[in-house]
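**Q** What follows is a protein structure lacking sequence information:
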């Protein structure tokens, strides 16, 4: 259940009136008096009735300091969502100092996280701040919320989805600028759904860089839907347009169980952001409490190994590499040896960026995959292709050739925040049916976000303010 092993979320539990964690000497006093307000929905931060993670029935709560007592009251009164709780504990915090650490630990204790894991969380975040040389709250607040969301398994909360929608909306602004005014003109109330409407719609979709084939397919699907429903007014087709695009992103069922460690092979051409994507994926795994190893099998690019080692250290992951020019397959084999010996949960295998048109380099990639499978049956369990959204239609040929060479299980679409070609995700989904697992929306660690088709399509079409049925 995320980084913490035994966080209990209370849904409408009976009031336990101010119970708090024990102090070292076991002394206790009553917490805030009076019944807590009943939350409208969701988990509520309860002040733990014993030492966090302890099952001792006779434990008595320790006294709260005045500021903690006030925090406890405010947390119980706050809307039950992570962003609201964080706003309470960060009130008055301006920088990374002891107040920040006390408040963060108090929030986690209030959610009944075990002391050992609270200490590990705080220490890991301290080290990260030192490494990044961040001091001001504004520089790291987003990262703190991101880490807490992963650790508390709250990433699917409404406020986290809202953050994703905001990032997607900002990231797709350039794409939307190219098409939104034309879409608005197309879907005007009173406009007839005639031949010119369909021609213009196809042109707009091509402008969004979904490609001719995809634009034609989408237009035909929407045309059939309009005929089936008897739609004659263009304004009635905007929601139908979203519905048709969403059909391209139907989830793919697959077996998620693996024989540990899970081995993830990451591939892609040069310059797509593959190494930083691996670092961000590794970061997520570590925050979920999974022992992770990075294998530096890009032995050709200058400074590639050093770059990945820095990322591994920042994320708190293990690292394995050999000298420049070493055989990538040998590095992969030995890294997997190390992962098995150390009982790792996850292994990310970085590979040299290669042109998808270079046959010998693609054959080398196949060799890495074979060697991994020989050392650890079933490996690689997942193969992830990293695509640069700014490359537009060239991404389609990359998917085709990499998929032929080694098979692709997932896609990560990077640089979606700086492209006018954001419609490429639709083209990839429709033509290949390979799921997009993450999208890159910036340089920070928390800017790699799980791909949510509904948020993406709404942001692409400028329909962020409309709710899904």
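**A** Here it is on my side, so go on. Please read these numbers as outputs of a predicted model, since none were measured by experiment.
**Q** alpha carbons only for contacts and neighbour counts from here, please
**A** Fine.
**Q** which strands and helices sit next to the strand or helix carrying residue 456?
**A** Residue 456 is part of helix 453-461 when elements are defined by DSSP states H and E. Secondary-structure packing of helix 453-461 (3 or more C-alpha pairs under 8 Å, 6 or more residues apart in numbering; DSSP states H and E): helix 158-171, helix 173-186, helix 238-246.
**Q** Just the angle for that helix relative to helix 238-246, thanks.
**A** Interaxial angle, helix 453-461 versus helix 238-246 (axes from the mean of the first three to the mean of the last three C-alpha atoms, to 10 degrees): 120 degrees.
**Q** Could you pull up the mean pLDDT of helix 453-461?
**A** Confidence over helix 453-461 (mean pLDDT, whole number) is 82.
**Q** And stretch 409-421, by the same measure?
**A** 78.
**Q** from here on, count from 48
**A** Yep, numbering from 48; the last one is stretch 456-468 now.
**Q** Worst mean pLDDT among the helices and strands packed on helix 500-508?
**A** Ranked by mean pLDDT, the helices and strands packed on helix 500-508 bottom out at helix 205-218, with a mean of 58.
**Q** wait, is residue 295 part of a helix?
**A** Yes - under DSSP: H, G, I helix; E, B strand; the rest coil, residue 295 sits within a helix.
**Q** Could you find the closest non-adjacent residue to it?
**A** residue 477 (5.2 Å; C-alpha to C-alpha, 6 or more residues apart in numbering).
**Q** The one you found sits in which helix or strand?
**A** Per DSSP H and E: residue 477 is located in helix 471-479.
**Q** what comes up buried for that helix?
**A** Under the neighbour-count criterion of 16 or more other C-alpha atoms under 10 Å, helix 471-479 has 471-477 buried.
**Q** Check stretch 131-141 too.
**A** By 16+ other C-alpha under 10 Å, the buried positions in stretch 131-141 come out as 132-133, 135-137, 140.
**Q** okay, and the helix or strand of the chain with the least pLDDT?
**A** In the chain, no helix or strand scores lower on mean pLDDT, DSSP states H and E than helix 205-218, which sits at a mean of 58.
**Q** quick revisit: just the closest of the buried residues of helix 471-479 to residue 264, please.
**A** residue 477 (8.9 Å; C-alpha to C-alpha).
**Q** my read: the closest one touches residue 297, true?
**A** No - proximity of residue 477 to residue 297 does not meet the contact threshold set by C-alpha atoms under 8 Å, at 9.8 Å.
**Q** returning to what we had before: report the angle between the axes of the helix holding residue 503 and helix 471-479?
**A** 120 degrees.
**Q** is it true that residue 296 touches residue 500?
**A** Yes - when contacts are counted by C-alpha under 8 Å, residue 296 is listed as touching residue 500 (6.4 Å).
**Q** Just the closest of the buried residues of stretch 131-141 to residue 452, please.
**A** The shortest approach to residue 452 among those belongs to residue 133, at 46.5 Å (C-alpha to C-alpha).
**Q** leaving aside the residues next to it on the chain, what's closest to that closest one?
**A** Residue 133 sits nearest to residue 192 (C-alpha to C-alpha, 6+ apart), 7.5 Å away.
**Q** For my notes, please list the buried residues of helix 471-479 in TSV and give distance to residue 311 and pLDDT for each entry.
**A** Shown next, in TSV, are those (distance: C-alpha to C-alpha, whole Å; pLDDT from 0 to 100):
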residue	distance to residue 311	pLDDT
471	24	83
472	22	87
473	25	89
474	25	89
475	21	90
476	21	90
477	24	90
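**Q** TSV for those residues, including distance to residue 492?
**A** What follows is the buried residues of helix 471-479, written out as TSV (distance: C-alpha to C-alpha, whole Å):
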residue	distance to residue 492
471	23
472	22
473	25
474	27
475	25
476	25
477	29
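**Q** Okay, now the unreliable bits of the stretch 198-347 of the chain?
**A** Scanning the stretch 198-347 of the chain with the threshold set as pLDDT under 70 gives 202-225.
**Q** Recalculate using a threshold of 80.
**A** For the stretch 198-347 of the chain, residues meeting the criterion pLDDT under 80 lie at 200-229, 236-237, 254-256, 298-304.
**Q** in it, which spans are strands?
**A** Here the stretch 198-347 of the chain has its strands, by DSSP state E, counting those that start in this stretch, at 309-314, 339-344.
**Q** got the angle for the last one vs strand 309-314?
**A** Put simply, strand 339-344 runs at 40 degrees to strand 309-314, going by the same axes, to 10 degrees.
**Q** Packing partners of strand 339-344?
**A** With contacts taken as 3+ C-alpha pairs under 8 Å, 6+ apart, strand 339-344 sits against helix 321-334, helix 351-362, strand 365-367, helix 375-388, strand 393-398.
**Q** any idea which of those is most buried?
**A** Ranked by mean neighbour count, these are led by strand 393-398 with a mean of 26 (mean count of other C-alpha atoms under 10 Å).
**Q** Show me what that one pairs with in its sheet, parallel or antiparallel.
**A** strand 309-314 (parallel), strand 339-344 (parallel) (DSSP bridges).
**Q** closest to residue 438 out of these?
**A** strand 309-314 (16.2 Å).
**Q** and the angle from that closest one to helix 321-334?
**A** 160 degrees.
**Q** List the buried residues in strand 309-314.
**A** For strand 309-314, the neighbour count (16+ other C-alpha under 10 Å) marks 309-314 as buried.
**Q** okay if I get those residues as JSON lines plus distance to residue 367?
**A** JSON lines is the format used below for the buried residues of strand 309-314 (distance: C-alpha to C-alpha, whole Å):
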{"residue": "309", "distance to residue 367": "16"}
{"residue": "310", "distance to residue 367": "14"}
{"residue": "311", "distance to residue 367": "15"}
{"residue": "312", "distance to residue 367": "15"}
{"residue": "313", "distance to residue 367": "15"}
{"residue": "314", "distance to residue 367": "18"}
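**Q** Same question for stretch 167-183: list its buried residues.
**A** Quick answer for stretch 167-183 (16+ other C-alpha under 10 Å): 168-169, 172-173, 175-176.
**Q** Now do the same contact list for the nearest residue to residue 284 once chain neighbours are set aside.
**A** With C-alpha to C-alpha, 6+ apart as the criterion, residue 284 has its nearest non-adjacent residue at 6.9 Å, and that residue is residue 234. By C-alpha atoms under 8 Å, 6 or more residues apart in numbering, the residues touching residue 234 are 281-285.
**Q** what's the farthest-apart pair in the residues you listed?
**A** 281 and 285 (7.6 Å).
**Q** circling back: so what angle separates the directions of the next helix or strand after the helix holding residue 477 and helix 321-334?
**A** Sequence-wise, the next helix or strand downstream of helix 471-479 (DSSP H and E) is strand 483-487. Counting by the same axes, to 10 degrees, strand 483-487 lies at 110 degrees to helix 321-334.
**Q** Could you name the helices and strands sitting against strand 483-487?
**A** Counting by 3+ C-alpha pairs under 8 Å, 6+ apart, strand 483-487 packs on strand 457-461, strand 495-497.
**Q** Within its sheet, name the partner strands of the first one and how each one runs.
**A** Strand pairing for strand 457-461, using DSSP bridges, gives strand 429-435 (parallel), strand 483-487 (parallel).
**Q** Out of the contacts of residue 234, which comes closest to residue 453?
**A** Taking C-alpha to C-alpha as the measure, residue 453 lies nearest residue 285 of the contacts of residue 234, at 38.7 Å.
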